[in-house]
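**Q** I would like to see how this sequence folds:
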Amino acid sequence: MNKLPDFIKDFSEAKRNSFVKMKKIKDEGGKIVGVYCGFAPWEVIAASGAVGAWLCGMDEEPIEDAEKHLPRNLCPLIKSSYGFALTEKCPFYYFSDMLLGETTCDGKKKMYEALSKMKPMHVMNIPQIPYGKDSYNYYKKAIIKLKEELEKNLNVEITEEKLKEKIKLRNRERMALRDYYSLSKLCPPPMTGYNLRRVIQGTLYLSDKEKEIEDINNIIRETMKKYNEGERPVSKEAKRILVTGCPLGDSTEKVIEAIEDNGGVVVCYENCSGAKDESLLVDEEKNPIDALTERYLRTACACMSPNDNRIEYLDYLIDEYRVDGVVEVILQACHTYNVESHRIKTFVTNNKKVPYLKIETDYSKRDLGQLKTRVEAFIETL
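**A** All right, here's what the predicted structure looks like:
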């Protein structure tokens with residue numbers, strides 16, 4: 001794996017560094033809301049004056065403790081998230097004043113039921129169909145209810161002006177991240193997929209968005225400066241891979257390593273917190289609640305059915321990033337993404353004429369050998 005450039009180390013270490021920042025926020029009387037999904041509207045949380053903390057479990061460590069309560073044949077993301085809460089080994093969970101969940105899958109819904117016995121929990125009821133007036137009104141009510149719950153629990157007032165202010169800030173962050181992502185359209189790309197993901201993942205743990213935006217723009221300038229001076233961290237012969245599927249965490253970096261150690265480079269992540277999270281802006285001219293409803297309802301998640309938005313976005317990304325192959329990462333027991341993978345494979349191979357590889361894995365290292373063999377064989381065919 002390539003060495004991490006000095007100018008992006010702050011992003012790579014953001015999760016660890018933010019532990020101290022979260023404690024400082026609490027010591028100064030600030031409020032923290034723990035979130036588990038991209039369907040949680042960051043703008044509403046920020047407008048309340050609270051800081052949103054990312055709680056999704058991405059590590060194998062607490063799973064053994066979680067399995068004392070949860071079945072073994074359950075999604076590792078759910079077991080890891082619950083295990084961190086159960087053991088209080090996650091500082092973000094420990095410092096959270098309340099938790100925010102969403103009805104994306106059955107496993108998460110039951111986990112939230114258990115978590116509600118540990119901390120104040122609010123669950124957003126999101127629709128399962130992404131189109132139509134009924135779904136729109138349903139999701140709009142969920143956002144309004146979240147706003148009211150935050151106001152009650154945190155003893156604050158969330159005004160329209162505050163919402164508009166945070167919408168503009170989050171849009172600026174999305175545009176900065178989109179500009180950084182777009183650098184991978186170059187051939188060869190000016191950074192590895194590993195370093196790209198480190199920056200994107202790091203933004204989940206940065207509470208000062210103004211500084212984050214400034215730092216991202218600095219990274220873009222520094223990356224292009226080195227590229228224009230002739231620095232090429234990626235071979236022009238590397239096969240350009242798009243990674244899609246379930247959320248990726250530190251434990252699933254093994255997939256990226258297998259790709260980039262065997263002649264490939266990840267130029268785009270369509271997963272949660274990847275390109276699709278930054279692709280949609282919130283309309284700044286509309287009523288803020290309406291604008292947020294429209295934006296978040298378009299999230300291309302497999303919990304939605306039919307999930308045409310994901311197909312349309314993959315169509316765009318494959319062309320825009322000149323993709324040679326698509327690798328779909330499915331977490332074991334994630335039924336929504338696993339069932340949808342057949343549609344994704346059919347679209348990618350038949351409509352786009354691009355090779356496709358499906359990898360079903362968990363957070364352990366037990367499948368490292370098999371994983372490397374399969375990825376190496378796949379890249380050799382491109």
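**Q** and stretch 264-271, how far from the chain's centre?
**A** Distance of stretch 264-271 from the chain centroid (CA atoms, centre = their mean, to the nearest Å) equals 13 Å.
**Q** Then stretch 73-93?
**A** Taking the mean C-alpha point of stretch 73-93 and that of its whole chain, the gap between them comes to 17 Å (CA atoms, centre = their mean).
**Q** And the average pLDDT for that stretch is what?
**A** Stretch 73-93 carries an average pLDDT of 94.
**Q** Figure out the length between the terminal residues of that stretch.
**A** One end of stretch 73-93 sits 24 Å from the other (CA to CA, to the nearest Å).
**Q** in it, what's buried?
**A** Judged by neighbour count using 16 or more other CB atoms under 10 Å, the buried positions of stretch 73-93 are 74-86, 90-93. C-beta: built from backbone N, CA, C; applies to glycine.
**Q** One more: stretch 236-256?
**A** For stretch 236-256, burial by neighbour count (16+ other CB under 10 Å) applies to 238-249, 251-256.
**Q** Then stretch 116-129?
**A** Buried positions in stretch 116-129, judged by neighbour count with 16+ other CB under 10 Å: 121-124, 126-127.
**Q** now swap in stretch 186-193 and tell me
**A** Under the neighbour-count criterion of 16+ other CB under 10 Å, stretch 186-193 has 186, 188-193 buried.
**Q** From these, pick the one nearest residue 60.
**A** Taking CB to CB as the measure, residue 60 sits nearest to residue 193 out of those, at 21.9 Å.
**Q** Let me know the helix or strand that the closest residue to residue 357 other than its chain neighbours is in.
**A** Leaving out its chain neighbours, the residue that sits closest to residue 357 by CB to CB, 6 or more residues apart in numbering is residue 378, at 4.5 Å. For residue 378, the enclosing helix or strand under DSSP states H and E is helix 368-380.
**Q** Let me see the mean pLDDT of that helix.
**A** Helix 368-380 comes out at a mean pLDDT of 97.
**Q** so how far is residue 342 from the spatially most central residue of the chain?
**A** A centroid search over the chain (CA atoms, centre = their mean) returns residue 273, at 2.0 Å, as the residue closest to the centre. As judged by CB to CB, to the nearest Å, residue 273 and residue 342 stand 24 Å apart.
**Q** do residue 131 as well
**A** For residue 131, the distance to residue 342 (CB to CB) stands at 22 Å.
**Q** Kindly report the same for residue 237.
**A** Look at residue 237 and residue 342: by CB to CB, they are 32 Å apart.
**Q** Among the buried residues of stretch 186-193, which are located in helices?
**A** Residues of the buried residues of stretch 186-193 located in helices (DSSP state H): residue 193.
**Q** where are the low-confidence patches of the stretch 1-150 of the chain?
**A** Within the stretch 1-150 of the chain, the stretches with pLDDT under 70 are 1-12.
**Q** can you pull out the strands in the protein?
**A** With DSSP state E, the ranges of strands along the chain come out as 32-35, 51-54, 98-102, 121-124, 239-245, 264-269, 325-331, 356-361.
**Q** Please dump those strands into JSON lines; it should also carry distance to residue 231 for every row.
**A** Listed next are the strands of the chain as JSON lines, based on distance: least, CB to CB, whole Å:
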{"stretch": "strand 32-35", "distance to residue 231": "37"}
{"stretch": "strand 51-54", "distance to residue 231": "32"}
{"stretch": "strand 98-102", "distance to residue 231": "42"}
{"stretch": "strand 121-124", "distance to residue 231": "45"}
{"stretch": "strand 239-245", "distance to residue 231": "19"}
{"stretch": "strand 264-269", "distance to residue 231": "15"}
{"stretch": "strand 325-331", "distance to residue 231": "25"}
{"stretch": "strand 356-361", "distance to residue 231": "30"}
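**Q** just to revisit the earlier point, the residue nearest to the centre of the chain against residue 247, yeah?
**A** Yes - checked against CB atoms under 8 Å, the pair residue 273 and residue 247 is within contact range at 6.6 Å.
**Q** Quick check: the gap between the closest residue to residue 276 other than its chain neighbours and residue 198.
**A** Setting aside the residues directly before and after it, residue 276 is nearest to residue 300 in space (CB to CB, 6+ apart), at 5.2 Å. In this view, residue 300 and residue 198 are 23 Å apart by CB to CB.
**Q** Likewise for residue 238?
**A** Distance, residue 238 to residue 198, by CB to CB: 18 Å.
**Q** How about residue 257?
**A** As judged by CB to CB, residue 257 and residue 198 stand 12 Å apart.
**Q** go on, residue 347?
**A** For residue 347, the distance to residue 198 (CB to CB) stands at 29 Å.
**Q** Which of the strands of the chain sits closest to residue 169?
**A** strand 51-54 (12.6 Å).
**Q** how far away is residue 112 from residue 101?
**A** In terms of CB to CB, residue 112 sits 4 Å off from residue 101.
**Q** meant to ask about residue 218
**A** Between residue 218 and residue 101 the distance, using CB to CB, works out to 35 Å.
**Q** Which of the two has more residues huddled nearby?
**A** Under the neighbour definition other CB atoms under 10 Å, residue 218 and residue 101 were set side by side, and residue 101 has more, 25 against 12.
**Q** dump the residue contacts of the spatially closest residue to residue 145 that is not a sequence neighbour.
**A** Here the nearest residue to residue 145 in space, its sequence neighbours aside, is residue 124; by CB to CB, 6+ apart that works out to 7.6 Å. Remark: with contacts taken as CB atoms under 8 Å, 6 or more residues apart in numbering, residue 124 is in contact with 39-40, 100-103, 142-143, 145-146.
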